[in-house]
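> Sequence plus predicted model, see below.
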Amino acid sequence: MTVPDGRSFIEEGSPAHDFFVVTGGRVKIFTLLPDGRRQITGFAEGGDFLGLAASKSYAFGAEALGTAVLCRFPHASMQRLTARFPNLEHRLRQEASRELSLLQARMTLLGRKTARERLATFLMERIRLLGAACQETPHQIELDLPMPRTDIADYLGLTIETVSRVLSAFKREGLISIRNITHITIMQFERISAIAEGLE
């Protein structure tokens, strides 16, 4: 299925009949606050699974960030799928566990980290998505940020002013270079990693 920019395809609280695999584009994941506002809790990209850990209803909503392409699988057909593709069961269990691990990491991010640590952690998350590509040039890594700073601020539990202030501080310290609002170059990988871990 192809989902246009800004359209939701998972509604929080709705029956969890299906799970999804992102095969193209990007998705933002959010929960609804009691006052009706949305809190962004994560971003998904190609290869990510959504809704695997759901029991009866979805604990989050999901919306396309730009045009997104997804594969949708009914939970009811999972037994047939795993019988046909034995390796799939292990992968599905891994992904369901990953969903829960990300939730725990997010609780730590919002509960204990400073603004600098949160933003450095976000940058490290984006670097990890590059995988082996960043191993070749660990001291200078190009990052494209498909989401606006308002979404980054929402995800990190910060104001957009704080995000801009910390990014400017990182730039002054020579940790990053900012080409435009969607492209950042990591100039000092080790220091960004240390800040994310709370070592600076």
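That came through, no problem.

> Do a quick rundown of the helices in this structure.
78-84, 86-112, 115-130, 133-136, 149-156, 160-172, 189-196 (DSSP state H).

> which stretch in the ones you listed has the least confidence?
The weakest mean pLDDT among the helices of the chain belongs to helix 133-136, with a mean of 49.

> could the helices of the chain go into JSON lines alongside mean neighbour count?
All C-beta spots, glycine's among them, are computed from the backbone N, C-alpha and C. Output for those, formatted as JSON lines (neighbours: other Cβ atoms under 10 Å):
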{"stretch": "helix 78-84", "mean neighbour count": "12"}
{"stretch": "helix 86-112", "mean neighbour count": "13"}
{"stretch": "helix 115-130", "mean neighbour count": "19"}
{"stretch": "helix 133-136", "mean neighbour count": "12"}
{"stretch": "helix 149-156", "mean neighbour count": "19"}
{"stretch": "helix 160-172", "mean neighbour count": "16"}
{"stretch": "helix 189-196", "mean neighbour count": "18"}
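
> To Asp48, which of these lies closest?
Minimum separation from Asp48 across the helices of the chain (Cβ to Cβ) falls at helix 86-112, 8.0 Å.

> Now do the contacts for Ala115.
Contact partners of Ala115, counting by Cβ atoms under 8 Å, 6 or more residues apart in numbering, are Leu156, Leu158, Thr162, Val166.

> What sits closest to Gly13 if chain neighbours are left out?
Ser57 (5.5 Å; Cβ to Cβ, 6 or more residues apart in numbering).

> Who is the one you found paired with across the strands?
Following DSSP bridges, Ser57 is listed with bridge partners Pro15.

> Run a quick neighbour tally on it.
When neighbours are defined as other Cβ atoms under 10 Å, Ser57 has 12 of them.

> State the distance from it to Asp151.
As judged by Cβ to Cβ, to the nearest Å, Ser57 and Asp151 stand 24 Å apart.

> can you check Arg179 too?
For Arg179, the distance to Asp151 - Cβ to Cβ - is 19 Å.

> cool, Arg112 as well?
Using Cβ to Cβ, Arg112 is found at 22 Å from Asp151.
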